[in-house]
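>>> I would like to see how this sequence folds:
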Amino acid sequence: MQKQMVIVLAMHGIPPADFPRPELEEFLALHARFKRADKVDRQGYEHYEELEAKLRYWPRTEETDPYHAAALGLVQALSRAAGCEVFLGFDEFCAPSLDEALDRASASEAHSVLVVTPAMTQGSEDSEGNIPAAISRARERHPGRRIVYAWPFPVDEVAAFLAGQAVQFLTPDYT
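Sure thing, here's the model as predicted:
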């Protein structure tokens, strides 16, 4: 029996606290340079790719990267809530990349790959640019594969969710 869907949880990622500061500063400078550069300007790009790989695959712990640890926890909770396998992918700084996660999800036997992000509001470069670009690349690599981006979220539903969360902090039990 074929599974109905798998989910790719698209997260942003942050550098780990113990990554060497000089290399992080160099990476961030190169990142800014190549992000705004013309395609012709590739001097130093190989070094940038080396630094990016080192940063993405740097060992992480809950102490050195609490965001990464929280993302892993969210994967487990989402898998239980949705009743399906969840693949984690990061836009930057962490592994696996969104491209890697989308490839792994596309290799599954599921009928559909559903991409979700915890970014709730519109206007972010990740949710409106980087995630759709990764999905587009995955669709090119996996023609015929159904890949759906479950975003943007209806603003009224986001507001209702946030209001429900806020009310919990007004209860007498909350300290």
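
>>> For residue 100, give its distance to residue 20.
Separation of residue 100 from residue 20 (Cβ to Cβ, to the nearest Å): 24 Å. To be clear about C-beta, it is placed using only N, CA and C from the backbone, and glycine gets the same treatment.

>>> Pull out the buried positions in stretch 131-149.
Residues of stretch 131-149 classed as buried under the neighbour-count rule (16 or more other Cβ atoms under 10 Å) are 131, 134, 135, 138, 139, 142, 145, 147, 149.

>>> May I have the residues that are in contact with the last one?
Counting by Cβ atoms under 8 Å, 6 or more residues apart in numbering, residue 149 touches 115, 131, 132, 135.

>>> re earlier: who has more neighbours out of residue 100 and residue 20?
With neighbours defined as other Cβ atoms under 10 Å, residue 100 and residue 20 compare such that residue 100 has more, 16 against 12.

>>> where exactly do the helices run in the protein?
Under the criterion DSSP state H, the chain contains helices at 21-36, 45-56, 66-82, 98-106, 125, 131-141, 155-168.

>>> Pretty sure residue 135 sits against residue 115.
Yes - when contacts are counted by Cβ atoms under 8 Å, residue 135 is listed as touching residue 115 (5.9 Å).

>>> Could you name every residue contacting both of the two?
102, 147, 149.

>>> Tell me the bridge partners for the second one.
By that I understand residue 147. With DSSP bridges as the criterion, residue 147 is bridged to residue 113.

>>> So it is in contact with residue 116, correct?
No - Residue 147 is beyond contact range of residue 116, at 12.0 Å (criterion: Cβ under 8 Å).

>>> sorry, back to before: now, which of the shared contacts of residue 135 and residue 115 sits nearest residue 47?
The nearest member of the shared contacts of residue 135 and residue 115 to residue 47, counting by Cβ to Cβ, is residue 102 at 26.6 Å.

>>> wait, residue 151 sits on residue 116?
Yes - at 7.1 Å, residue 151 and residue 116 qualify as touching, with contact defined as Cβ under 8 Å.

>>> State the distance from the closest residue in space to residue 104 that isn't next to it in sequence to residue 15.
Closest residue to residue 104 in three dimensions, ignoring its sequence neighbours and counting by Cβ to Cβ, 6 or more residues apart in numbering: residue 87, at 5.3 Å. With distances taken as Cβ to Cβ, residue 87 is found 22 Å from residue 15.

>>> Looking at the two, which one has more neighbours?
Neighbour count, other Cβ under 10 Å: between residue 87 and residue 15, residue 87 has more, with 24 against 21.

>>> Isn't that one up against residue 98?
No - in this structure, residue 87 is not within contact of residue 98 by Cβ under 8 Å, at 9.7 Å.

>>> I'd like to know how far residue 67 sits from residue 20.
Residue 67 is 19 Å from residue 20, where distance means Cβ to Cβ.
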